[in-house]
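>>> fold the following, please.
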Amino acid sequence: MGNNSLLLLILIILPIGLVVFMIYKKKNKGQKDKNTKSNNQLKNKQEEDEVWLTIKRFLRESGETGKEVVDSYVVKRPDPRIKTKQQKQLAKEFKKLKKTDPEAYNAQKALQKIEKRKKPKELYVVLFTTRDTKTLNVDSPRALECEVVYKKVAKGSMQRTIVINSLMDYEKEMEWIKPIKEKDDKELARQLRVEQRRIAKKKQKQQKQKEKEKNKTK
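Below you'll find the model as predicted:
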C-alpha cells in the first residue's frame with residue numbers, strides 16, 4: 001500500500017516538475033536572446049537610403065567624384081554618461097587631483113557639472129568603403145562621425161537633420177565597434193540561412209504541386 005502511494009505521488013509530481021522546467025528554460029533562453037540582441041541594425045529602407053545619401057554627400061563635399069559605395073555599417077556611439085573601465089580609472093585619478101591640485105580639481109568639477117546638465121548628443125559612426133567606378137580600385141575603409149539634430153519647425157513638429165561632423169580614425173573606432181559588428185554579422189548570417197531555407201522549401205513545395213497537377217492531367 002505504501003509503495004503504491006509513493007508511486008502515485010511520483011506520477012503526480014513528475015509531470016508538474018517537467019512543465020516548470022520547460023517554462024524556466026524557455027524564459028532563460030528568451031532573456032539571453034534579449035541581452036545579446038544588437039540595436040545597431042537599420043530598421044527600414046528609408047534609414048538605409050539615409051546612410052547612403054549621407055556618404056554620397058560627404059564624397060561630394062570632399063570633391064571625390066566617380067566613386068561608388070561598396071559597403072557601409074552604422075553604429076550608435078555609446079552614451080558618454082555610461083562609464084567604461086578606462087573612464088572609471090580616470091575618475092579615480094581625478095579624485096587624487098583634489099589633494100595634489102585643489103584649484104585644478106575645482107575647475108574641472110565645475111565643467112563636469114555643466115556637461116551633466118547638457119542633453120547627450122545623438123552621435124553615430126558610419127563605416128564605409130568606396131571604389132572608383134572606372135578603375136574599380138577599392139579605397140581603404142573609412143569612419144565618419146555624424147550627428148542627428150532635431151529642430152522645431154512647427155508646434156508639435158520636429159525636423160530631423162543629419163550633420164556630418166568629421167572623418168575619424170578608422171582603426172581607433174574599430175577598437176570598440178568590432179565586437180558589436182561581429183555580433184551583427186553573425187545575426188545577419190543566421191537570418192540569411194533562415195531565408196535560404198524558406199525559399200528552398202517554397203520551391204520544393206511548388207515543384208511538388210506542379211508534379212501533382214501534371215499527374216492529374218495524365
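
>>> which parts of the chain are strands?
Taking DSSP state E as the test, the strands found in the chain are 67-76, 122-132, 142-154, 157-168.

>>> now, of the ones you listed, which is deepest in the fold?
strand 122-132 (a mean of 18; mean count of other C-beta atoms under 10 Å). In short, each C-beta sits where N, CA and C put it, glycine included.

>>> what does it rub up against?
The set of residues external to strand 122-132 that reach it, using C-beta atoms under 8 Å, 6 or more residues apart in numbering, is 51, 54-55, 59, 64, 66-77, 137-149, 165, 168, 170, 173-174, 177, 181.

>>> how much does that strand deviate in direction from strand 157-168?
Interaxial angle, strand 122-132 versus strand 157-168 (axes from the mean of the first three to the mean of the last three C-alpha atoms, to 10 degrees): 60 degrees.

>>> hey, C-alpha coordinates of strand 122-132 in CSV?
This file holds the C-alpha atoms of strand 122-132, laid out as CSV (Å, rounded to 0.1, in the frame of the first residue of the first chain):
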residue,chain,number,x,y,z
GLU,A,122,22.9,61.6,-30.7
LEU,A,123,26.1,60.5,-32.5
TYR,A,124,26.7,57.7,-35.0
VAL,A,125,29.8,56.3,-36.6
VAL,A,126,29.4,55.3,-40.3
LEU,A,127,31.9,52.8,-41.5
PHE,A,128,32.1,52.7,-45.3
THR,A,129,34.2,51.6,-48.3
THR,A,130,34.3,53.1,-51.7
ARG,A,131,35.8,52.3,-55.1
ASP,A,132,36.5,54.1,-58.3
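
>>> where do the helices sit along this protein?
All helices of the chain, identified by DSSP state H, fall at 2-36, 45-61, 85-100, 102-117, 170-217.

>>> what's the average pLDDT for the second one?
So that's helix 45-61. On average, the pLDDT along helix 45-61 is 89.

>>> got the angle for it vs strand 67-76?
Taking the same axes, to 10 degrees, helix 45-61 and strand 67-76 form an angle of 120 degrees between their directions.

>>> helices or strands up against helix 45-61?
The contact analysis (3 or more C-beta pairs under 8 Å, 6 or more residues apart in numbering; DSSP states H and E) places helix 45-61 against strand 67-76, strand 122-132, strand 142-154, strand 157-168.

>>> pipe these into TSV and attach mean pLDDT and distance to residue 109 per row.
Compiled in TSV, the helices and strands packed on helix 45-61 are given as follows (pLDDT from 0 to 100; distance: least, C-beta to C-beta, whole Å):
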stretch	mean pLDDT	distance to residue 109
strand 67-76	94	29
strand 122-132	95	25
strand 142-154	90	27
strand 157-168	91	27
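
>>> related to what we said a few turns ago, what's the closest of the strands of the chain to residue 208?
With C-beta to C-beta as the measure, strand 67-76 is the member of the strands of the chain nearest residue 208 (38.3 Å).

>>> send me the closest one as CSV with only the CA atoms.
Below are the C-alpha coordinates for strand 67-76, written out as CSV (Å, rounded to 0.1, in the frame of the first residue of the first chain):
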residue,chain,number,x,y,z
LYS,A,67,33.2,56.9,-56.5
GLU,A,68,30.6,54.3,-55.5
VAL,A,69,29.8,53.0,-52.1
VAL,A,70,30.8,49.3,-51.8
ASP,A,71,29.5,48.7,-48.3
SER,A,72,28.6,50.5,-45.1
TYR,A,73,27.8,49.9,-41.4
VAL,A,74,26.3,52.2,-38.9
VAL,A,75,26.7,52.1,-35.1
LYS,A,76,25.4,54.5,-32.4
